[in-house]
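1. sequence first, predicted coordinates after that:
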Amino acid sequence: MSDDVAQIEALILGIFESFTAHRPEDIAARTHADYTVWDVFVPDLIVGYEAQAAYREADQRQSKARGPLTLNVETPHINVWGDFAIARYYLNFRYQPPYATEGRVRITTVLLREDGRWKTVHHHEGIVPTGVPHYSDDGVN
């Protein structure tokens, strides 16, 4: 494993550790100034510092309101091209009651090396589909 891949994997794991430890400032420190997010629980693209701060505050509030959280980040598939990298991986999550929910999320994280440090530029989450939607080629649903 290259040093870049190891650093990126540690950055990704650190973000999720910071989330579960309720340290959004640690997440912010790992993001680029132009960072954007497609979050699994939020319908809109999150753009800009003020939107990111509001998103992190709301995200922490919902997480704290739920029961204990268990996360499992699967080993990322990471490619590095100079100062640009992309990581693709799965995250399995489970919140216990009182507001229990669980799922499997596929994630793409785009990174840029700036001043010798990797930072996330974009983070895209989506729930893994559980099957193929019904299809009929005869026009009948």
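-> That came in fine, so what should we check first?
2. how would you label the closest residue to residue 41 other than its chain neighbours: helix, strand or coil?
-> Nearest in space to residue 41, with sequence neighbours left out and distances taken as CB to CB, 6 or more residues apart in numbering, is residue 62 at 7.2 Å. For the C-beta atoms, the positions are set from N, CA and C on the backbone; glycine is no exception. In three-state terms, and counting by DSSP: H, G, I helix; E, B strand; the rest coil, residue 62 is helix.
3. what about residue 62, how many neighbours?
-> The number of residues packed near residue 62 is 11, by other CB atoms under 10 Å.
4. and stretch 31-45, how far from the chain's centre?
-> The chain centroid and the centroid of stretch 31-45 are separated by 9 Å, computed with CA atoms, centre = their mean, to the nearest Å.
5. could you list the buried residues of it?
-> Of the residues in stretch 31-45, those with enough neighbours to count as buried (16 or more other CB atoms under 10 Å) are 31-32, 35-39.
6. and which of these is nearest residue 50?
-> Taking CB to CB as the measure, residue 35 is the one of the buried residues of stretch 31-45 closest to residue 50, at 12.4 Å.
7. so when I look at that closest one, I'm seeing a strand, right?
-> Yes. Residue 35 forms part of a strand when assessed by three-state DSSP.
8. doesn't residue 52 make contact with it?
-> Yes. Applying CB atoms under 8 Å as the test, residue 35 and residue 52 come out as touching, 6.4 Å apart.
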